[in-house]
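Participant: Got a predicted structure here, sequence first:
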Amino acid sequence: MDYSKQIQDIAAKLFADGKIDVFVGYRMNSFDDNQIPVVITDPKEVAELVFTEKSVFNLTNYLKADHTRNKRVGLVVKGCDSRSLNLLLTESQVKREKLYIIGIACEGVVDDKGQKMQNCVECIVPDAVVFDEMLGTPKGIRDYIVNADIIELAGKGLVERREYFEQIFENCIRCNACRHSCPLCYCAKCCIDQETATIYNGSNTSSSAFHALMTWSLHLAGRCVDCRNCEKACPSHLPLHLLHKQNEKVIYDNFQNHLAGVEEGDRGAFYKYSLKDPDDFIL
Amino acid sequence: MEEVKEKIVSIEKPDLIAPPDWKPVIVGILCNWCSYAGSDLTGTSRTQYPPNIRIIRVPCSSRVDPWFIIKALQTTADGVLISGCHPGDCHYISGNYYARRRFLVTRELLKMVGFHEHRVQFSWVSAAEGSKFAQVVKKVTEDVIKLGPLHLYKKENFSK
């Protein structure tokens, strides 16, 4: 999977035609063979652009930044990225007519060790669902697979699960990188900051980490597209996908196989309801 | 005759034994139109129910952000009860249908991170069901007493 040449050609053509002001893509890191996102405004820099299986980040995160806001943007999206883009479009955060989207029929990306990422192994929508131009051959939607870690956790006892998650919340340093890297966390003022603003609990205790991560994941429930930008950004390497995948599984099982951002105009599981939703747990 | 008291152990932390004078604190978040009126009826009809519940009134059960539940568990609550109108009876037509979805997901996530499922409970209580409200509070209080004190991620553990 190497579309570097095609993307360079498309970006150069878009700049030449005056269709875009900014192009968001990937370029090689200067000190190793990993890639980093790059925002290009100068047509001369187009030759820097690359796209291989190391292009892991979700670029739709950069649509909420100041240097792309209210500008015409060219963008590269994989399957999962296009789902978050779909949600951003539905939630009126970006305008479709200002975007030129290069969709990728993704074959899965790899992590630092060269192994295929877990979310790519379990990927449901590998092809971009919103695009102006498609690169690669689309493979269609695959069957839903329950996350392997969630199945493993479900087999454990209550005390064991509590110990496991206590470790996770203790290791959180409350840097909020997960929130900043999430394309769907665009609120100008976030409710979890109220916790750190108070004078009596400003430090990174497991209590405040519990509060922040749980609230964060529940506010993303039914919207999370499993791009794992949060996990890539986390300096403590916490398995943040556990929280999201658990919500995703419950929503898929109970609410008519709902998957966030796959259909155009879909606003997430918590913005609609069915009369047949389960309520056997309510007294 | 003196009753021999059983030791109350926290279910999530079995090495933690509750002090003998421990009484559970339950946060009740009630919808203004049904459950709050129902709890009022319980009072006016002189039905006894456990005094452990602290009631917070909200406009509708769909006003309950999962954040409220997290916040209650993180501060003083040993259990949380959320109550709203029966499906179809919502004052705002469909608020409790939206709320029902959120409750299920919140409950399942809390279960996964190591809270017993009886820590957070939900009920539908209408304005006419004063006796049902008393029963619900009694059941929730008994459940939480069995589970013992909640000592997970408590804020006060870090404030000293």
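Facilitator: That came through fine.

Participant: And the spatially closest residue to A:Tyr62 that is not a sequence neighbour, its phi and psi?
Facilitator: What sits nearest to A:Tyr62 in space, not counting adjacent residues and going by C-beta to C-beta, 6 or more residues apart in numbering or on different chains, is A:Val24, at 5.0 Å. For the C-beta atoms, the positions are set from N, CA and C on the backbone; glycine is no exception. Backbone torsions of A:Val24, given as degrees, to the nearest 10, read phi -110, psi 120.

Participant: mind listing what's buried in the host helix or strand of A:Ala11?
Facilitator: According to DSSP states H and E, A:Ala11 maps onto helix A:4-17. Residues A:Ser4, A:Gln6, A:Ile7, A:Gln8, A:Ile10, A:Ala11, A:Ala12, A:Leu14, A:Phe15 are the ones in helix A:4-17 that count as buried (16 or more other C-beta atoms under 10 Å in any protein chain shown).

Participant: List the residues that contact the last one.
Facilitator: Contacts for A:Phe15 were tallied using C-beta atoms under 8 Å, 6 or more residues apart in numbering or on different chains; they are A:Phe23, A:Pro43, A:Val46.

Participant: What's the separation between the nearest residue to the second one once chain neighbours are set aside and A:Phe23?
Facilitator: In other words, A:Pro43. Spatial nearest neighbour of A:Pro43, excluding adjacent residues (C-beta to C-beta, 6+ apart): A:Phe15 at 3.9 Å. Going from A:Phe15 to A:Phe23 by C-beta to C-beta, to the nearest Å gives 7 Å.

Participant: any residues in contact with both of the two?
Facilitator: Taking C-beta under 8 Å, 6+ apart as the contact rule, A:Phe15 and A:Phe23 both touch A:Val46.

Participant: if we can go back for a sec, could you give the bridge partners of the residue nearest to A:Tyr62?
Facilitator: On the basis of DSSP bridges, A:Val24 is bridged to A:Val39, A:Leu75.

Participant: circling back: out of the buried residues of helix A:4-17, flag the one nearest to chain B.
Facilitator: Taking C-beta to the nearest C-beta as the measure, chain B lies nearest A:Ile7 of these, at 38.0 Å.

Participant: Contact partners for that closest one?
Facilitator: Per C-beta under 8 Å, 6+ apart, neighbours of A:Ile7: A:Gly25, A:Leu49, A:Val50, A:Phe51, A:Val76, A:Ile102, A:Leu135.

Participant: Mind pulling up the pLDDT for the last one?
Facilitator: Spelled out, it's A:Leu135. With respect to pLDDT, A:Leu135 scores 91.

Participant: That one against A:Gln6, yeah?
Facilitator: Yes - A:Leu135 is in contact with A:Gln6 according to C-beta atoms under 8 Å; the separation is 5.6 Å.

Participant: Got the phi and psi for the residue of the stretch 1-150 of chain A found nearest chain B?
Facilitator: Relative to chain B, the nearest point of the stretch 1-150 of chain A is A:Ile150 (7.9 Å; C-beta to the nearest C-beta). Backbone torsions of A:Ile150, given as degrees, to the nearest 10, read phi -70, psi -40.

Participant: Now for it: which residues touch it?
Facilitator: A:Leu242, A:Lys245, A:Gln246, A:Lys249, B:Met112.

Participant: Run a quick neighbour tally on the nearest residue in space to it that is not next to it in sequence.
Facilitator: Leaving aside its sequence neighbours, A:Ile150 sits nearest to A:Lys245 (C-beta to C-beta, 6+ apart; 5.3 Å). By other C-beta atoms under 10 Å in any protein chain shown, the residues close to A:Lys245 number 24.

Participant: so who does A:Lys245 touch?
Facilitator: Counted by C-beta under 8 Å, 6+ apart, A:Lys245 has contacts A:Asn147, A:Asp149, A:Ile150, A:Asp226.

Participant: Most neighbours out of the residues you listed, which is it?
Facilitator: For the contacts of A:Lys245, the largest number of neighbours (other C-beta under 10 Å) sits with A:Asp226, at 23 neighbours.

Participant: All the helices of the chain, residue numbers only.
Facilitator: Picked chain A for this. A:4-17, A:79-90, A:118-121, A:148-154, A:158-171, A:177-181, A:193-197, A:206-219, A:229-233, A:241-254 (DSSP state H).

Participant: wait, chain B
Facilitator: Going by DSSP H, chain B shows helices at B:35-44, B:66-74, B:95-112, B:130-147.

Participant: could those go into a markdown table alongside distance to chain A, mean pLDDT and mean neighbour count?
Facilitator: A markdown table is the format used below for the helices of chain B (distance: least, C-beta to the nearest C-beta, whole Å; pLDDT from 0 to 100; neighbours: other C-beta atoms under 10 Å in any protein chain shown):
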| stretch | distance to chain A | mean pLDDT | mean neighbour count |
| --- | --- | --- | --- |
| helix B:35-44 | 11 | 94 | 20 |
| helix B:66-74 | 4 | 91 | 22 |
| helix B:95-112 | 4 | 93 | 22 |
| helix B:130-147 | 5 | 93 | 20 |
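
Participant: Quick check on the closest residue to chain A within chain B: phi, psi?
Facilitator: Of all residues in chain B, B:Gly114 sits closest to chain A, at 2.8 Å by C-beta to the nearest C-beta. As for B:Gly114, its main-chain torsions (degrees, to the nearest 10) stand at phi 110, psi 20.

Participant: contacting residues for it?
Facilitator: With C-beta under 8 Å, 6+ apart, B:Gly114 has these contacts: A:Leu158, A:Val159, A:Arg161, A:Arg162, A:Glu163, A:Tyr164, A:Phe165, A:Glu166, B:Glu12, B:Leu152.

Participant: Compare the residues you listed and tell me which has the most neighbours.
Facilitator: Highest neighbour count within the contacts of B:Gly114, by other C-beta under 10 Å: A:Phe165, with 24 neighbours.

Participant: pLDDT value on the nearest residue to the residue of chain B closest to chain A once chain neighbours are set aside, please?
Facilitator: Computed as C-beta to C-beta, 6+ apart, the closest residue to B:Gly114 that is not its neighbour in sequence is A:Arg162, at 2.8 Å. Confidence at A:Arg162, expressed as pLDDT, is 92.
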